[in-house]
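1. Provided below for reference: sequence and predicted model.
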Amino acid sequence: MNASPSPFPVLWLCGPPGVGKSTAGWALYRRLAADGTPVGYVDIDQLGINYPEPPGDPGRHLLKAGNLAALVVNYRAEGARCLVVSGVVDPAAGVDRGHLPGVDLTLCALTAGRGELSRRYLGRGTLPEDLGRVLAEAEAEAEAEAETEAETEAEAESRGAGPSGRPDLRIDTDGRSPADVVDRVLAHWRPPATAPAPPGEAARGPERSGARPAVLLLCGAEAVGKSTVGWEVGQRLRRAGGPAAFVDLGQVGLLAPAPADDPGRHRLSAANLAALLDRYAAVGTRRLVAVGPVPDGATADRYRRALRGAPLTLCRLDAGPEALLDRVRRRGAGQAPPLAGDRLRGAPDAELRRVAAEAACEARALTSAAVGDHRVRTDGRSVADVAGAVLGLWEDGARDAQSGASTTKKVVTNPATRPDASRPTQVGYAPSPQPDGKATTPTPDSGSTTAAGRGAGEGDAVP
């Protein structure tokens with residue numbers, strides 16, 4: 001008889017917006033990795049970019065918790081001893097631990113005074129005129145959390161709440177550096193010295209019958225615009241009313257050290273993408289936009305196998321050396337949302353030039369290997385233009401699949417340039433109108449601030 005697996009240790013840093021959850025979480029992840037502990041990291045917001053909001057789950061807190069439980073299985077399988085999570089929790093109920101089977105959860109609430117939060121908000125770019133509103137929202141959230149903590153277990157059960165979601169520890173971050181916060185966390189919580197006992201066999205989501213959500217995977221060289229364009233594609237689907245989701249593969253594949261036989265961590269990213277696809281399908285999602293690197297055909301095949309029959313369209317974005325250098329420098333200057341593991345933000349120009357040169361070599365290699373079902377050039381084009389072209393190719397592929405027609409690779413060039421006879425035919429895009437006047441391009445919520453592509457307007461050049 002197989003022994004029951006040991007609960008998997010998860011440390012979740014929570015607290016109001018601006019308190020430093022992601023910064024402290026990333027610092028803790030790096031510290032544990034440097035100390036030799038195999039560890040994963042995930043920002044909980046990355047596990048809930050799915051629209052519309054599931055009925056009865058405002059804020060998607062239950063959805064995110066269930067998604068986290070599904071991913072824990074894969075982190076454990078890849079050898080992680082623990083997982084660091086950062087992100088907000090339900091202010092009224094905390095974390096429903098009943099949605100995290102097999103998880104040994106430690107919930108750590110970070111706090112900060114009004115003055116410290118004000119300084120951090122302004123440092124993040126909050127406009128002074130918006131500061132009062134933002135602080136009021138943070139204080140209301142803190143009050144709701146305090147009420148939850150004051151509630152007894154019996155009272156929670158009487159209103160139908162799950163197991164206690166109250167924090168296990170609380171750390172004041174006022175005047176403390178991320179390293180200081182990490183020291184205080186580790187004074188109360190330590191991961192196991194050895195890996196938790198694994199389950200008898202790897203857990204796997206159930207095989208699903210019927211049509212599966214269609215997946216668009218945008219790939220390409222570093223800084224080519226995958227996240228920005230992918231987010232805009234998702235926003236268009238959302239605005240058109242279609243249930244859709246967005247996944248950044250880089251954000252669901254953070255594991256240190258990387259496995260020796262999978263340095264790109266694609267096995268973990270593919271498994272987590274498949275787990276999220278199944279979870280989102282269960283709440284009615286029909287399309288999923290994923291973004292991330294796919295260096296070769298073998299990696300593309302890995303993602304196809306992981307998705308177990310879900311229709312997958314692999315679209316590669318391409319750009320020349322000058323465009324890549326410009327985008328790398330923009331990332332270095334902070335002209336992109338702060339995401340965990342972004343090595344470009346704040347890097348010196350010499351390093352940015354080196355990364356851009358590597359990206360240009362990567363782009364040439366991807367072209368030589370003909371990676372992807374389609375290739376879209378992004379040089380000198382707006383986000384809206386590129387997103388429209390990508391959606392057109394995705395729609396065309398779906399129609400071809402339904403009709404049984406063969407799908408051929410297509411290249412979309414800049415409409416501002418004329419392709420000569422030696423180049424592939426230019427592909428345009430115009431969404432087909434419906435009787436109600438809406439386009440047929442079913443995608444995520446423009447109000448979210450967690451996406452990799454936020455801040456890019458439809459007329460902006462691809463950053």
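-> Structure received.
2. Now L13: phi and psi?
-> phi -90, psi 120 (degrees, to the nearest 10).
3. list the contacts for it?
-> L13 is in contact with K21, A24, G25, L28, V84, V85, S86, G87, C108, L110, V185, counting by Cβ atoms under 8 Å, 6 or more residues apart in numbering. All C-beta spots, glycine's among them, are computed from the backbone N, C-alpha and C.
4. what do you get for A80?
-> P38, V39, G40, A195, L255.
5. And for it, nearest residue in space, chain neighbours not counted?
-> G40 (4.5 Å; Cβ to Cβ, 6 or more residues apart in numbering).
6. Assign a three-state SS to the one you found, would you?
-> Here G40 is recorded as strand under DSSP: H, G, I helix; E, B strand; the rest coil.
7. How much space separates it from A340?
-> Distance of G40 to A340, computed by Cβ to Cβ, to the nearest Å: 11 Å.
8. can you give me the strands in the protein?
-> Secondary structure of the chain (DSSP state E): strands at 8-14, 39-43, 50-51, 82-86, 103-111, 169-172, 214-220, 244-248, 255-256, 287-291, 312-318, 374-377, 410-412.
9. mind putting those strands in CSV, mean pLDDT included?
-> What follows is the strands of the chain, written out as CSV (pLDDT from 0 to 100):
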stretch, mean pLDDT
strand 8-14, 97
strand 39-43, 98
strand 50-51, 94
strand 82-86, 98
strand 103-111, 95
strand 169-172, 94
strand 214-220, 98
strand 244-248, 98
strand 255-256, 98
strand 287-291, 98
strand 312-318, 98
strand 374-377, 97
strand 410-412, 64
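10. all helices of the protein, in order?
-> For the chain, the helices defined by DSSP state H occupy 21-34, 61-77, 114-123, 128-150, 153-158, 178-188, 226-239, 266-282, 297-306, 321-332, 349-368, 383-403.
11. Relative to G48, which of these is closest?
-> Smallest distance to G48 across those (Cβ to Cβ): 4.3 Å, for helix 61-77.
12. returning to what we had before: and of the strands of the chain, who's closest to A360?
-> Taking Cβ to Cβ, strand 312-318 is the member of those nearest to A360, at 10.7 Å.
13. Mind giving me the packing neighbours of the closest one?
-> strand 214-220, helix 297-306, helix 349-368, strand 374-377, helix 383-403 (3 or more Cβ pairs under 8 Å, 6 or more residues apart in numbering; DSSP states H and E).
14. right, so these: which one is the most enclosed?
-> Across the helices and strands packed on strand 312-318, the average number of neighbours (mean count of other Cβ atoms under 10 Å) peaks for strand 214-220, which reaches a mean of 25.
15. May I have the strands that pair with it, each with its orientation?
-> strand 287-291 (parallel), strand 312-318 (parallel) (DSSP bridges).
16. Now render those as CSV, adding mean neighbour count and distance to G175.
-> Listed next are the strands paired with strand 214-220 as CSV, based on neighbours: other Cβ atoms under 10 Å; distance: least, Cβ to Cβ, whole Å:
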stretch, mean neighbour count, distance to G175
strand 287-291, 27, 37
strand 312-318, 23, 43
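17. I'd like these as CSV, with distance to D262 appended.
-> Output for the strands paired with strand 214-220, formatted as CSV (distance: least, Cβ to Cβ, whole Å):
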stretch, distance to D262
strand 287-291, 18
strand 312-318, 19
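18. Can you say which of the ones you listed is nearest to P167?
-> Across the strands paired with strand 214-220, P167 has its closest neighbour in strand 287-291 (32.6 Å, Cβ to Cβ).
19. I'd like the C-alpha coordinates of that closest one written as PDB, please.
-> Extracted C-alpha coordinates of strand 287-291, given in PDB (Å, rounded to 0.1, in the frame of the first residue of the first chain):
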ATOM      1  CA  ARG A 287     -10.300  30.200 -25.500                       C
ATOM      2  CA  LEU A 288      -7.000  30.600 -23.800                       C
ATOM      3  CA  VAL A 289      -4.100  32.900 -24.800                       C
ATOM      4  CA  ALA A 290      -0.700  31.800 -23.600                       C
ATOM      5  CA  VAL A 291       2.600  33.600 -24.000                       C
END
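20. contacts for that strand?
-> Counting by Cβ under 8 Å, 6+ apart, 213-219, 226-227, 229-231, 233-234, 237, 242-250, 273, 276-277, 280, 442-444, 452 sit against strand 287-291.
21. rerun at 7 Å
-> 213-218, 226-227, 230, 233-234, 237, 242, 244-249, 273, 277, 280, 442-443, 452 (Cβ atoms under 7 Å, 6 or more residues apart in numbering).
22. Now do it against helix 266-282, angle only.
-> 160 degrees (axes from the mean of the first three to the mean of the last three Cα atoms, to 10 degrees).
23. Just grab the bridge partners of the nearest residue to G372 once chain neighbours are set aside for me.
-> Among residues not flanking G372 along the chain, R316 sits closest, at 3.5 Å (Cβ to Cβ, 6+ apart). As for beta bridges, R316 partners with C219, R375 under DSSP bridges.
24. Quick one: low-confidence residue ranges for the stretch 201-350 of the chain.
-> Scanning the stretch 201-350 of the chain for pLDDT under 70 picks out the ranges 201-210.
25. Domain-wise, how is the chain divided?
-> 8-188, 214-412 (automatic domain parsing).
26. Tell me which of those is the most buried.
-> Greatest burial across the domains of the chain, using mean count of other Cβ under 10 Å, falls to domain 214-412, with a mean of 20.
27. about what we covered before: hmm, which two among the contacts of L13 are most spread apart?
-> Among these, G87 and V185 lie farthest apart (Cβ to Cβ), at 15.4 Å.
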